[in-house]
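In: heads up, no residue letters with this:
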């Protein structure tokens, strides 16, 4: 009976937390819509990023309060207000960007085009001046412009959530942007013990709680002369750092199931 009640509680916490996230996004979008039309771009970006960061921090507090997550994000505080730098994390789950943004109110996030056009996220993301990943040339140009202004850019080198341990093959975006902007790349190592919100995760499958989620600072790579060499070095570094990572267990199981199916 205790196990049944615990399972029901875990399901309830996950589904309610997802509903809270959706409601938070709708509130942000409703607030952002008139601001996007009325404010100057500079004011809109500042207010939009601050609003997203505060909302993300509150959501992180909610996840901790209800016992959904056990978060260790303190390492991110060391990067506060650093100018002209690319944050390059691995990408095990959907919540990664939210938790990173919760610690930094002035980060430009590179987002997939379908998220930029999403009713839950699109308006607030546009107000905050986030950058769409399509078309690639414009994404690179806008990212370089933001970095040259002294901004901080959040860009996932895998391009999508991790589907094979320890990381997917990296795209060529990080090296190219770092070279053109002349800025360093800060690796962020994300580790989680649960497949919740990962690629292919089923909400029907029970997720034992709390979920452990940790961010630690990795190596900082100098602005490169050779963009492709940096991309290769960055991928090799992540593979080495995450070789014994806790998420490799469930990533390996997921990969085996995918191949068997």
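Out: Okay, I see it. Owing to the predicted nature of the structure, the values given are computational and were not obtained by experimental measurement.

In: show me where the stretch 1-150 of the chain has helices.
Out: Per DSSP state H, counting those that start in this stretch, the stretch 1-150 of the chain carries helices over the ranges 2-38, 41-65, 96-101, 113-116, 122-127, 136-148.

In: out of the ones you listed, the one nearest residue 233 is which?
Out: helix 136-148 (19.4 Å; CB to CB). Glycine gets a C-beta too; all of them are placed from N, C-alpha and C.

In: mind showing which ranges of the chain have poor pLDDT?
Out: Judged against pLDDT under 70, the low-scoring parts of the chain cover residues 257-261.

In: for the spatially closest residue to residue 67 that is not a sequence neighbour, which residues are in contact?
Out: Closest residue to residue 67 in three dimensions, ignoring its sequence neighbours and counting by CB to CB, 6 or more residues apart in numbering: residue 210, at 5.1 Å. Contact criterion CB atoms under 8 Å, 6 or more residues apart in numbering gives 67, 68, 69, 70 as the residues in contact with residue 210.

In: go on, residue 30?
Out: Neighbouring residues of residue 30 by CB under 8 Å, 6+ apart: there are none.

In: what about the residue nearest to residue 67, distance to residue 193?
Out: When distance is defined by CB to CB, to the nearest Å, residue 210 is 10 Å away from residue 193.

In: now residue 211
Out: Look at residue 211 and residue 193: by CB to CB, they are 7 Å apart.

In: and if you look at residue 50?
Out: Relative to residue 193, and taking CB to CB, residue 50 is found at 32 Å.

In: of those two, give the one with the bigger neighbour count.
Out: Each of residue 50 and residue 193 has its neighbours counted (other CB atoms under 10 Å); residue 193 has more, 17 against 13.

In: what sits against that one?
Out: Contacts were defined as CB under 8 Å, 6+ apart; by that measure residue 193 touches 211, 212, 246, 247.

In: same deal with residue 86?
Out: Neighbours of residue 86 in contact, by CB under 8 Å, 6+ apart: 147, 152, 153, 155, 174, 177, 178, 181, 183, 184, 185, 186.

In: can you flag which of the residues you listed belong to helices?
Out: Among the contacts of residue 86, the ones falling in helices (DSSP state H) are 147, 174, 177, 178, 181.

In: which of the contacts of residue 86 are buried?
Out: Those of those that meet the buried threshold are 147, 152, 153, 155, 174, 177, 178, 181, 183, 185, 186, by 16 or more other CB atoms under 10 Å.

In: just the closest of those to residue 140, please.
Out: Closest approach between the buried ones among the contacts of residue 86 and residue 140, by CB to CB: residue 177, at 5.7 Å.

In: the closest one contacts residue 151, doesn't it?
Out: No. In terms of CB atoms under 8 Å, residue 177 does not count as a neighbour of residue 151; the distance is 11.9 Å.

In: list the buried residues in stretch 153-173.
Out: Counting neighbours by 16+ other CB under 10 Å, one finds that the buried residues in stretch 153-173 are 153-159, 161-163, 165-168, 170-173.

In: check stretch 184-200 too.
Out: Neighbour counts using 16+ other CB under 10 Å place 185-199 of stretch 184-200 among the buried residues.

In: out of those residues, which comes closest to residue 231?
Out: Using CB to CB, the shortest approach to residue 231 within these belongs to residue 185, at 9.8 Å.

In: hang on, isn't that closest one packed against residue 89?
Out: No. The pair residue 185 and residue 89 does not pass the contact test of CB under 8 Å, sitting 10.9 Å apart.

In: have a look at the protein and report its longest strand.
Out: Looking across the chain with DSSP state E, the single longest strand is strand 211-221.
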